[in-house]
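Student: Give me coordinates for this.
(2 chains)
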There are 2 protein chains.
Amino acid sequence: MKTLDLVLPDTRYPIHIGQQLLGKAELILPHLKQARVAIVSNTTVAALYLEPLLSSLSQAGVDCLPVILPDGEDFKTWETLNQIFDALLAQRCERGTTLLALGGGVIGDMTGFAAACYQRGVPFIQIPTTLLAQVDSSVGGKTAINHPQGKNMIGAFYQPKLVIADMDLLDTLPERELSAGLAEVIKYGLLGDADFISWLEQNMAALRKRDKQALAYAVEHSCRMKADIVGQDEKEQGVRALLNLGHTFGHAIEAGLGFGTWLHGEAVGAGMMLAAEASHQMGWLSEADVARVEALLQLAGLPTQSPALGDAAWLSLMAHDKKVENGEIRFVLLQSLGHAVVAKLPAAELEHTLHSRFVQQSA
Amino acid sequence: MKTLDLVLPDTRYPIHIGQQLLGKAELILPHLKQARVAIVSNTTVAALYLEPLLSSLSQAGVDCLPVILPDGEDFKTWETLNQIFDALLAQRCERGTTLLALGGGVIGDMTGFAAACYQRGVPFIQIPTTLLAQVDSSVGGKTAINHPQGKNMIGAFYQPKLVIADMDLLDTLPERELSAGLAEVIKYGLLGDADFISWLEQNMAALRKRDKQALAYAVEHSCRMKADIVGQDEKEQGVRALLNLGHTFGHAIEAGLGFGTWLHGEAVGAGMMLAAEASHQMGWLSEADVARVEALLQLAGLPTQSPALGDAAWLSLMAHDKKVENGEIRFVLLQSLGHAVVAKLPAAELEHTLHSRFVQQSA
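Tutor: Numbering: from 1, shown residues only, chains lettered A, B, ... in the order given. As a prediction, this is how the structure comes out:
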């Protein structure tokens, strides 16, 4: 097991990465304020992993309240969040009760937001069960639910007390979810580490075969980059915005098709392709660079062509992005492979991007 | 105009107290990140005060989006909160858009919570229009909505950028609301300042006649005490809990009768009466002390007898209090008039309190 530390002005917390971690109650116990947790999961994950977690915590004397939600991005809503509050209140959970998120990005984001709001804040712990959640959403304290008009529009910055990334939980991850997680892994290379891009090109086959060493390295490297960036800029006043590479386009895809149609990671993959194309339109990336991004996404099993939303829908959906400033959309673009910046994209370059071969032109 | 400063580890903000402040855009302008605000109010308050605020800000070049909600504690719900989010998204409000709460405690709490959650946090400003909001809820950053099972159960600690308490806005306050606000004013005396209790006994008639000097003094003194306590303990880990004097009983009354039946301040008044009686049962307050609390509440036009909820309902409703620890309810009690403590109340003393003359014994 390796442990990274995420250090913030007000707090710090460990990120444990390794194998056979789910049954180790001793990793969790030091972080509990009372011997009581609410384990929030979904029907799919609970069927696989609730029992081992529950029994190890119960044996350690911890009272566990499972809260099992429906599975999928389309349930990342206030109604589902309220199911958590209802359960916590019905069971008289207190300010000292810890919420434990056992699931992917949707469960982690919703559990974290529930923890931020319940009685104005209770502790929470992340046990991510997807690659995407392990490398990205479980780390850094961004929590949220969706609004019909925009992804993650309602939420909070609220840090967990602990993150446990157990590679063994990836054994049961569907192929499509593994690829979606790889999109966020590729993101770290593109936005800030050209050497990691090369490593990914060489090790993508091993990652897709779920080689545990390769996965652990990718998770550790991604979490290290994320911890470093979040440590510098917890509330996204500056550098943290770079972690949104591919997300302005990606969120438009998710909202435009209806949440849950494409996986978040798939939308981010196609969105990074558009960010690369836009960076080429800006004269920053060469055609060879763009082709290299395309090849890497394809190696990861990701779509490189966005769906046909129509220009008006693209613009309207992207206008709800959280990076919009005085009505102007700001994009994360690539000055070179491994070096991202936040920039405005002139209308002509945006239009060329949306009319490139990386967007389906009719449904 | 007097200005107090609330100083916290991460931030500080001014509380302006005086007359003719509503039309002074220059108080607000220095705190805006962009020349755009969403003014959240309710139908009652908007009819009286939206126009002067709107025209002074508009003349100063600020784009104003009014969001007018229904009036009353029973609308302090997720559904109403969502109306704010819908309006903000429909008008493409950004992370730099400031929310401006123009109303009483319900509007202030909901607007603050909306600001805490919209795009994970946007700035907000409090312009409280009731005495209760001016002396208590607008200051200190507690924001929330109600859950059917408990008052203020879903919320956040989220500080405003500025509070403006304009005594002129109290001219139109209904008698009953004025009395409700006086309950929170009396609270400050009981919990921490015996001299202020004497001042209130001498000046209650002037306060109820809305003498502006007396009101301004009461607001300033209350805000000064609150700012001092919140400055020591923003997240209610310790001393801030004393501000909950009367609230454990009071919240049970509000939830038990249905939110909006009694005003929050009325429930707090009757709740403080029970806290005084419980403190007498503990041997801390004399009968004369209890009679003095009763007389002061009556002078303020407040109820001193709680409604008949039935013992089982009292206990069940109070078990949802945010101060509950390991299943035990903790109360704010009075060791003497002007000196509150957080304490457990043994079952016998609680029963005597609930069976005292300060609780109606049958409906």
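
Student: C-alpha from now on. contacts and neighbour counts both.
Tutor: OK.

Student: Quick check on A:L69: phi, psi?
Tutor: Reported as degrees, to the nearest 10, the phi and psi values for A:L69 are phi -100, psi 160.

Student: same deal with A:A25?
Tutor: Torsion angles, degrees, to the nearest 10, at A:A25: phi -60, psi -30.

Student: Now do the contacts for it.
Tutor: A:L53, A:S56, A:L57, A:A60 (C-alpha atoms under 8 Å, 6 or more residues apart in numbering or on different chains).

Student: Tell me the spacing between the last one and chain B.
Tutor: Read that as A:A60. 18 Å (C-alpha to the nearest C-alpha, to the nearest Å).

Student: if we can go back for a sec, can you flag which of the contacts of A:A25 belong to helices?
Tutor: A:L53, A:S56, A:L57 (DSSP state H).

Student: Out of the residues you listed, which is nearest to chain B?
Tutor: Closest approach to chain B among the ones in helices among the contacts of A:A25 (C-alpha to the nearest C-alpha): A:L57, at 18.2 Å.

Student: Can you tell me, leaving aside adjacent residues, what's nearest to that closest one?
Tutor: A:A25 (5.5 Å; C-alpha to C-alpha, 6 or more residues apart in numbering or on different chains).

Student: what pLDDT does the one you found get?
Tutor: pLDDT for A:A25: 97.

Student: now do A:V219
Tutor: For A:V219, pLDDT reads 98.

Student: which residues in chain A form strands?
Tutor: Secondary structure of chain A (DSSP state E): strands located at A:2-7, A:12-18, A:36-42, A:63-69, A:98-103, A:124-128, A:142-147, A:150-157, A:162-166, A:330-336, A:339-344.

Student: Output the contacting helices and strands for the second one.
Tutor: To tie it back to what came earlier, the one meant is strand A:12-18. strand A:2-7, strand A:162-166, helix A:212-232 (3 or more C-alpha pairs under 8 Å, 6 or more residues apart in numbering or on different chains; DSSP states H and E).

Student: out of those, which comes closest to B:D5?
Tutor: helix A:212-232 (29.0 Å; C-alpha to C-alpha).

Student: Show residues contacting that closest one.
Tutor: Helix A:212-232 has contacts (C-alpha under 8 Å, 6+ apart) with A:4-9, A:17-18, A:131, A:134-136, A:139-140, A:167-168, A:185, A:188, A:203, A:206-207, A:239-240.

Student: what about 6 Å?
Tutor: A:L6, A:V7, A:L8, A:V135, A:L207, A:R240 (C-alpha atoms under 6 Å, 6 or more residues apart in numbering or on different chains).

Student: And the residues you listed, which two are furthest apart?
Tutor: Farthest pair in the contacts of helix A:212-232, by C-alpha to C-alpha: A:L8 and A:L207, 30.9 Å.

Student: Counting neighbours, go ahead and name the busier of those two.
Tutor: Shown here are A:L8 and A:L207; by other C-alpha atoms under 10 Å in any protein chain shown, A:L207 has more neighbours (21 against 17).

Student: list the contacts for the residue lying closest to A:H31 once chain neighbours are set aside?
Tutor: Closest residue to A:H31 apart from its sequence neighbours, by C-alpha to C-alpha, 6+ apart: A:K161 at 6.7 Å. Applying C-alpha under 6 Å, 6+ apart to A:K161 gives the contacts A:Y13, A:F124, A:I125.

Student: same thing but 10 Å
Tutor: A:11-15, A:28, A:31-32, A:98, A:123-126, A:141 (C-alpha atoms under 10 Å, 6 or more residues apart in numbering or on different chains).
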